[in-house]
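Asker: have a look at this prediction, sequence included:
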Amino acid sequence: MPGWKPMTSPTSPALPRERTPNRGGPLLDRLVTVPGRHGRVTHVEHVPARQAGQAQWPSWVPPQVREGFEGLGIQGLWSHQSEAADLVHRGQNVIIATGTASGKSLAYLVPAVTEALSGGTVLYLTPTKALAADQLRSVSALGVQGLRAATFDGDTPHEERAWVRRNANYVLTNPDMLHRSILPRHSAWTSFWRRLRLVIVDECHGYRGVFGSHVAQILRRLRRVSAKYGASPVFFLASATASDPATTGMRLTGLQMAEVTRDASPRGTTTVALWEPPLTDLRGEGGAPIRRAATAEAADLLADLVVDGVRTLAFVRSRRSAETVALTARGHLEDAGVPLADKIAAYRAGYLAEDRRLLEKALRSGDLLGVATTNALELGVDVSGLDAVLIAGWPGTRASLWQQAGRAGRDGQDALAVLIARDDPLDTYVVHHPEALFGRPVEATVLDPDNPYVLAPHLCAAAAEVPLTEADLEIFGPSAAGVLDDLVADGLLRRRPTGWFWTSRDLAAGLADIRGSGGSPVQIVETDTGRLLGTCDEASSHTSVHTGAVHIHQGETFVVDELDLEMGVALVTPGTPDYSTFARDVTDIAVIESLRSHALGPGELHFGSVEVTRQVVSYMKRRTSTGEMLGDEPLDLPPRSLRTKAVWWTLPPESLPPGIGDLGGAAHAAEHASIGLLPLFATCDRWDIGGVSTELHPDTGRLTVFVYDGHAGGAGFAERGFGNAVAWLTATRDAIASCECGHGCPSCIQSPKCGNGNEPLSKRGALELLDVLLGGSVQRSASR
Ligand SMILES: [Zn+2]
Ligand SMILES: [Zn+2]
């Protein structure tokens, strides 16, 4: 028996602990018996195996389709697959929301191939090109005669495009391509539209926030264009496990959906461990203790697992971390004289297509044993047969956590998943509150199809595709009429008796930037060779490839010589600095309008519109090995302003605790921690939201803490915070109170993206403010 004891916690009824021997447990034992790792596991949960039911073919499946699948070793559909397939076959829109290894693709492939063979066409949508390529391989492997499947995306050579438009009956693409090419040039696809019977929207939980709102409008445009050609396709949506999938499906497509959520696929036992890296002797901002980085722990564990021949994926939050973890794990093996360093690689979106294909292939073939990846791989690229998954940092939602953990043990074998906490309030909270993870329903996907900032450009695009009529307003929702009036007033659309027209020569679809990034991509180019390394959008270029930034690509480290926003290029030179860089910004916020409010304790809680002005002003250097701060360098970048939605709370001066001291620091600390915890309630990423706090805000005349959506027009996150304010702010208070540090640290009140270098901050003051706010009984009085 290893010399450690997992702490146990109240066990969830839905996922009972399982005591039968399994493979994941021994893998974990090996990791924790390494000297010095005592006490890092805060909780272990064994998610039990599930037995297979009986697989069968629905009676309507044609023999040649059945034979195609049987040739690949598939003997029939599990009950949840055939339930969904039957619904689609009968013409009912359906959303299936089950776990990663549950075989959702079979549920749509069977009716889709059946439709294609009977003279129809099928449109398959996925968020990434990589997943479309993977799906094309699966479809082609069926070898069914008469099935003409093809991808149509940025990688499709121009000479092949005409063939796809005319001949393919199974077209795989992404929302970007639909938006920019297929819908605007719909007349080139006439025969495809006329026969369109089925639209598959795969990985649809990825369509959340502003991106989700864009995709919702693109799907409405798709419905209109189909109708022009007399088609009314059935929609099949496939999602990771999510709460209330029919509502998500309805918001995404505007159509009523049947939902299938019961998973009948077999799976092995998964051992899930929660892991907290130790505090180190190093000191960060304000003298705060620094916890060992989750990525450093992940690199250690990845190296250990690869040595044992365990096929492992390490999920990390950023592109940069994927590179760092792979590099560090390789270094460990080299130092130990183990000749397996070339079995470890990094994988992430943003690589050029050919690089990604090579990595996917190597992982499938087993040429790679350990891969550090961003969630580019989470999105369904088909990698099976993995034994372990390391998750460095809370992946944002319970749904993502199970999606990533579900990567291991896909073939029904036992597996290990380890969630490693980052030095961050949310991560610290979840590894100490396993009840927040296990046996709880996963989150609903949050998106707001009525965001007027998103709707406006799509109404222009829709009008350019087929002039808009009064009858179309219903498809685009309640805010469409008002937005159309604005577009006419701004001269973008022209109103005629027969409807609204786009009269410009420009491509209307160019108005909408659907990845919500703002601005055209910045190219990252090597100064000496002119080699294109990758791209990033303009908004994130200010923080990730500003002049002086350290940028990592495929394990190679570069320093940015210059970010030229006018040219849209970041010039980089290879280098080996011993520090990483973090951009700093200054943010102002103005209240435009409070839309909803109620009393909260002696204060008020509001939800409404705000204008945020943010400017990246400098960057910090932090020593890579220790996290130590090395100083601040100024930057000269333009401010970016953002009209968005926010949730804010205020406290009147007379309610403030006497002797609280540093009020600004108290509000600032409460702001940081509440930004850290909101993702637990609003299915967002800490980086999707921002905050501003002040002891006296000119627009409210009070101490005010704002948390805002980081995308124009809002994304629904702040609204969720408003709706769940008491639970959210209570968790915020608990996260601060339970942190073992003295005066605040990154696990509670410090923020990695603070514009003020985490000053001033008052841990005690933040607790006092939240106690005042939450102490009184919550009175609700809608004031709108
Ligand atoms: Zn702390
Ligand atoms: Zn701050």
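Answerer: Happy to help now that I have it. Ligands and ions are numbered 1, 2, ... in the order given.
Asker: T573 touches E556, doesn't it?
Answerer: No. In this structure, T573 sits apart from E556 without contact. The criterion is Cβ atoms under 8 Å, and the distance is 10.9 Å. All C-beta spots, glycine's among them, are computed from the backbone N, C-alpha and C.
Asker: these two: who's more crowded?
Answerer: Neighbours per residue, other Cβ atoms under 10 Å: of T573 and E556, the larger number sits with E556, 15 against 12.
Asker: that one and A326, how far apart?
Answerer: E556 sits 11 Å away from A326 when distances are taken as Cβ to Cβ, to the nearest Å.
Asker: same question for stretch 707-724: list its buried residues.
Answerer: 707-722, 724 (16 or more other Cβ atoms under 10 Å).
Asker: what's the answer for stretch 640-660, then?
Answerer: Applying a neighbour-count criterion of 16+ other Cβ under 10 Å, one finds 640, 642, 644-651, 655-656, 660 buried in stretch 640-660.
Asker: tell me the pLDDT of the residue nearest to G744 when sequence neighbours are not counted.
Answerer: Distances taken as Cβ to Cβ, 6 or more residues apart in numbering put K763 closest to G744, at 4.1 Å, once the chain neighbours are dropped. pLDDT for K763: 95.
Asker: surely K763 meets E740?
Answerer: No. With contacts counted by Cβ under 8 Å, K763 stays clear of E740, the gap being 11.6 Å.
Asker: who's more crowded, these two?
Answerer: Taking other Cβ under 10 Å, K763 and E740 do not tie; K763 has more neighbours (24 against 11).
Asker: just the closest residue of the stretch 251-400 of the chain to ligand 1, please.
Answerer: For the stretch 251-400 of the chain, the residue positioned closest to ligand 1 under Cβ to the ion is A288, at a distance of 7.1 Å.
Asker: so that residue sits against C745, correct?
Answerer: Yes. When contacts are counted by Cβ under 8 Å, A288 is listed as touching C745 (4.0 Å).
Asker: more neighbours: which of those two?
Answerer: Under the neighbour definition other Cβ under 10 Å, A288 and C745 were set side by side, and C745 has more, 27 against 24.
Asker: for the more buried one, give its distance to G664.
Answerer: As defined by Cβ to Cβ, C745 lies at a distance of 19 Å from G664.
Asker: which of the buried residues of stretch 707-724 fall within helices?
Answerer: F717, A718, E719, R720, G721, F722 (DSSP state H).
Asker: wait, what's in contact with the fourth one?
Answerer: For R720, the set of contacting residues under the criterion of Cβ atoms under 8 Å, 6 or more residues apart in numbering consists of V446, L678, F681, A682, T683, C684.
Asker: the last one belongs to a strand?
Answerer: No. For C684, which was evaluated using DSSP: H, G, I helix; E, B strand; the rest coil, the result is coil, with no strand membership.
Asker: which helices and strands does the helix or strand hosting Q81 pack with?
Answerer: Using DSSP states H and E, Q81 falls within helix 79-89. Here helix 79-89 is seen to pack against strand 94-97, helix 104-117, strand 234-239, strand 258-260 when contacts are counted using 3 or more Cβ pairs under 8 Å, 6 or more residues apart in numbering; DSSP states H and E.
Asker: what's the second one packed up against?
Answerer: Translated: helix 104-117. Counting contacts by 3+ Cβ pairs under 8 Å, 6+ apart, the secondary-structure elements packed against helix 104-117 are helix 63-70, helix 79-89, strand 94-97, strand 121-125, helix 129-141, strand 170-173, strand 196-201, strand 234-239.
Asker: any idea where the strands of the stretch 451-600 of the chain begin and end?
Answerer: Listed from the start of the chain, the stretch 451-600 of the chain has strands (DSSP state E, counting those that start in this stretch) covering 494-496, 499-501, 522-526, 532-536, 550-553, 556-564, 569-574, 579-600.
Asker: of those strands, flag the one that's most buried.
Answerer: Of these, the one with the most neighbours on average (mean count of other Cβ atoms under 10 Å) is strand 550-553, at a mean of 22.
Asker: mean confidence for it?
Answerer: Per-residue pLDDT values over strand 550-553 give a mean of 80.
Asker: pairing partners for that strand, with directions?
Answerer: strand 556-564 (antiparallel) (DSSP bridges).
Asker: just the residues contacting the partner strand, thanks.
Answerer: Residues outside strand 556-564 that contact it (Cβ under 8 Å, 6+ apart) are 522, 526-527, 533, 541-542, 545-552, 569-577, 637.
Asker: that strand vs strand 532-536, what angle?
Answerer: Orientation check (axes from the mean of the first three to the mean of the last three Cα atoms, to 10 degrees): strand 556-564 against strand 532-536 gives 60 degrees.
Asker: any chance of CSV for the buried residues of stretch 640-660, columns pLDDT, distance to V466 and secondary structure?
Answerer: Conversion of those to CSV gives the following (pLDDT from 0 to 100; distance: Cβ to Cβ, whole Å; DSSP: H, G, I helix; E, B strand; the rest coil):
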residue, pLDDT, distance to V466, secondary structure
R640, 86, 35, strand
L642, 87, 32, strand
T644, 91, 31, strand
K645, 92, 31, strand
A646, 96, 37, strand
V647, 97, 39, strand
W648, 98, 42, strand
W649, 98, 46, strand
T650, 97, 48, strand
L651, 97, 53, strand
S655, 94, 57, helix
L656, 93, 58, coil
I660, 87, 61, coil
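Asker: return the member of those nearest to ligand 1.
Answerer: The closest of the buried residues of stretch 640-660 to ligand 1 turns out to be I660 (Cβ to the ion; 18.9 Å).
Asker: hmm, that closest one is touching A669, no?
Answerer: No. With contact defined as Cβ under 8 Å, I660 and A669 do not form a contacting pair (11.6 Å).
Asker: which of the contacts of R720 sit farthest apart?
Answerer: Of all pairs drawn from the contacts of R720, the widest gap by Cβ to Cβ lies between V446 and L678 and measures 11.3 Å.
Asker: need the residues touching each of those two.
Answerer: C684, F717, R720.
Asker: next structured bit after the lowest-mean-pLDDT helix or strand in the chain?
Answerer: Taking mean pLDDT, DSSP states H and E as the measure, the helices and strands of the chain show their lowest mean at helix 353-365, namely a mean of 72. On the C-terminal side of helix 353-365, the nearest following helix or strand under DSSP H and E is strand 370-373.
Asker: packing partners for the helix or strand following that following strand?
Answerer: Beyond strand 370-373 on the C-terminal side, the first helix or strand identified by DSSP H and E is strand 388-392. Judged by 3+ Cβ pairs under 8 Å, 6+ apart, strand 388-392 is in contact with helix 294-307, strand 312-315, helix 398-405, strand 415-420.
Asker: note down every partner strand of strand 388-392 and its orientation.
Answerer: strand 312-315 (parallel), strand 415-420 (parallel).
Asker: let me see the mean pLDDT of the first one.
Answerer: Yep, that's strand 312-315 we're talking about. Averaging pLDDT along strand 312-315 gives 92.
Asker: the next helix or strand after that strand: how far from the chain's middle?
Answerer: If you walk from strand 312-315 toward the C-terminus, the next helix or strand you reach (DSSP H and E) is helix 319-335. Going by Cα atoms, centre = their mean, to the nearest Å, the spacing between the C-alpha centre of helix 319-335 and its chain's C-alpha centre is 23 Å.
Asker: who touches helix 319-335?
Answerer: Outside of helix 319-335, the residues that reach it under the criterion Cβ under 8 Å, 6+ apart are 295-296, 298-300, 302-303, 306-307, 314, 316, 339-342, 344-350, 370-374, 392-393, 544, 551-555, 580, 624.
Asker: go again with 7 Å.
Answerer: Helix 319-335 is contacted by residues 295-296, 298-300, 302-303, 306, 314, 316, 340-341, 344-348, 350, 370, 372-374, 392, 552-555 when judged by Cβ atoms under 7 Å, 6 or more residues apart in numbering.
Asker: this completes my enquiry, with thanks.
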